[in-house]
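S.K.: any chance you could fold what I've pasted below:
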Amino acid sequence: DGSEDLSPRSLDGIGDTAYINDKLDTEDSGVHRDITLVFRTANVIAVVEYDQWVTDKRRIPDSAELQDKARKLAEHLAGEFRES
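M.R.: Numbering: from 1, shown residues only. Alright, predicted model coming up:
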């Protein structure tokens, strides 16, 4: 069906090892999605946290978009660590 896997999982292509988690919380007065991406490269462990809050519970933050932003930042950081 061409849909991307957005569940918690390991990722390839970022550092030596990387994992991503996506949590949607609708219990507060608004809705928020928290993306956490953890990766290791050489002797560096980095955590990228990306989140989005909305007060309109009819609008849910887009998982794919937020995961893509977190991944791009992690890829950039991993590249910077390799060059150091």
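S.K.: wait, residue 8 sits on residue 22?
M.R.: Yes: here residue 8 reaches residue 22: they are 6.7 Å apart, a contact under CB atoms under 8 Å. In short, each C-beta sits where N, CA and C put it, glycine included.
S.K.: quick one: which of those two has more around it?
M.R.: residue 22 (20 against 11; other CB atoms under 10 Å).
S.K.: sec struct for that one, please.
M.R.: Here residue 22 is recorded as strand under DSSP: H, G, I helix; E, B strand; the rest coil.
S.K.: I figured it hits residue 65, correct?
M.R.: No: contact between residue 22 and residue 65 fails when scored by CB under 8 Å: they sit 11.2 Å apart.
S.K.: where are the low-confidence patches of this structure?
M.R.: For the chain, the stretches with pLDDT under 70 are 1-5, 84.
S.K.: now the strands for the protein?
M.R.: For the chain, the strands defined by DSSP state E occupy 9-11, 17-25, 31-41, 44-54.
S.K.: which one of those is the most hemmed in?
M.R.: Highest mean neighbour count of the strands of the chain: strand 31-41, a mean of 19 (counted as mean count of other CB atoms under 10 Å).
S.K.: buried residues, stretch 53-72. List them.
M.R.: 61, 63, 66, 67, 70, 71 (16 or more other CB atoms under 10 Å).
S.K.: just the CA coordinates of it, formatted as PDB?
M.R.: Coordinates of each C-alpha in stretch 53-72 appear next as PDB, following Å, rounded to 0.1, in the frame of the first residue of the first chain:
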ATOM      1  CA  TRP A  53       1.000  20.700  20.500                       C
ATOM      2  CA  VAL A  54      -2.400  21.700  19.200                       C
ATOM      3  CA  THR A  55      -5.400  22.900  21.200                       C
ATOM      4  CA  ASP A  56      -8.000  21.800  18.700                       C
ATOM      5  CA  LYS A  57      -8.500  18.100  19.400                       C
ATOM      6  CA  ARG A  58      -9.900  17.600  15.900                       C
ATOM      7  CA  ARG A  59      -6.500  18.300  14.400                       C
ATOM      8  CA  ILE A  60      -3.900  15.600  15.200                       C
ATOM      9  CA  PRO A  61      -0.200  16.400  14.600                       C
ATOM     10  CA  ASP A  62       1.100  14.500  11.600                       C
ATOM     11  CA  SER A  63       3.300  11.600  12.600                       C
ATOM     12  CA  ALA A  64       5.100  11.100   9.300                       C
ATOM     13  CA  GLU A  65       6.000  14.800   9.100                       C
ATOM     14  CA  LEU A  66       7.300  15.000  12.600                       C
ATOM     15  CA  GLN A  67       9.300  11.800  12.300                       C
ATOM     16  CA  ASP A  68      10.800  13.000   9.000                       C
ATOM     17  CA  LYS A  69      11.900  16.300  10.700                       C
ATOM     18  CA  ALA A  70      13.400  14.400  13.600                       C
ATOM     19  CA  ARG A  71      15.200  12.000  11.300                       C
ATOM     20  CA  LYS A  72      16.600  14.800   9.100                       C
END
